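1. have a look; sequence and predicted model below, questions after that.
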Amino acid sequence: MQEIYESAEMILGYVVEYSTLILEMFGIFVLVWNALRCFFTWIRKEDDAIRLKLAEGIALALEFKLGGEVLRTVVVREWSELGILGAIIALRAALTFLIHWEIKNEEKALNKKGGPDRTEESGAE
């Protein structure tokens, strides 16, 4: 029975390790892709809502990274590791909160300038 438990624990460790790696890679890809797209849009001066799009991309990338950190807590073995992971999760959650606050402020500023209403673009009513 002990062998089955150890095998299952090893398999879970590998699944969590690779899943965390994949989620963090998604976060990196989303951030880099969005940054490049926004950079070229900014150079061509095509869009007034460039800051909003960049903030939304950063928020999405942080969500992927945060998901990886939460998943990593499954295989934590020591309290010190849990404390470090908790601090990382708290920092990333705070960054996500601040970015969402910035998105709301940027949307308000664009609506005041007479820019497109973001709620109409997304189909929300």
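-> Cool, got the structure.

2. please make it C-alpha for all contacts and neighbour counts, starting now.
-> Will do.

3. run a quick neighbour tally on Gln2.
-> For Gln2, the neighbour count with other Cα atoms under 10 Å is 7.

4. oh sorry, the question was meant for Phe97
-> Neighbour tally, Phe97, other Cα under 10 Å: 13.

5. buried residues in the strand or helix carrying it?
-> Per DSSP states H and E: Phe97 is located in helix 79-113. For helix 79-113, a neighbour-count test (16 or more other Cα atoms under 10 Å) marks 82, 85, 89, 92-93, 96, 99-100, 102-103, 106-107, 110 as buried.

6. and it, how far out from the chain middle?
-> Chain-centre distance of helix 79-113: 9 Å, with Cα atoms, centre = their mean, to the nearest Å.

7. next up, the contacts around Val70.
-> Ile89 (Cα atoms under 8 Å, 6 or more residues apart in numbering).

8. again, only using 10 Å
-> Val70 makes contacts with 20, 64, 85-86, 88-89, as judged by Cα atoms under 10 Å, 6 or more residues apart in numbering.

9. from Glu102, how far off is it?
-> Taking Cα to Cα, to the nearest Å as the measure, Val70 falls 24 Å from Glu102.

10. thought Thr73 was touching Ala87?
-> No - using Cα atoms under 10 Å as the test, Thr73 is too far from Ala87 to be in contact (11.8 Å).

11. what about Gly27, which helix or strand?
-> If you go by DSSP H and E, Gly27 is part of helix 2-44.

12. check the offset of the helix or strand just after that helix from the chain's centre.
-> Proceeding N to C from helix 2-44, the next assigned helix or strand is helix 50-72, under DSSP H and E. Relative to its chain's centre, helix 50-72 lies at 2 Å (Cα atoms, centre = their mean).

13. count the residues that sit near the closest residue to His100 other than its chain neighbours.
-> Distances taken as Cα to Cα, 6 or more residues apart in numbering put Ala59 closest to His100, at 7.1 Å, once the chain neighbours are dropped. Using other Cα under 10 Å, Ala59 has 24 other residues around it.
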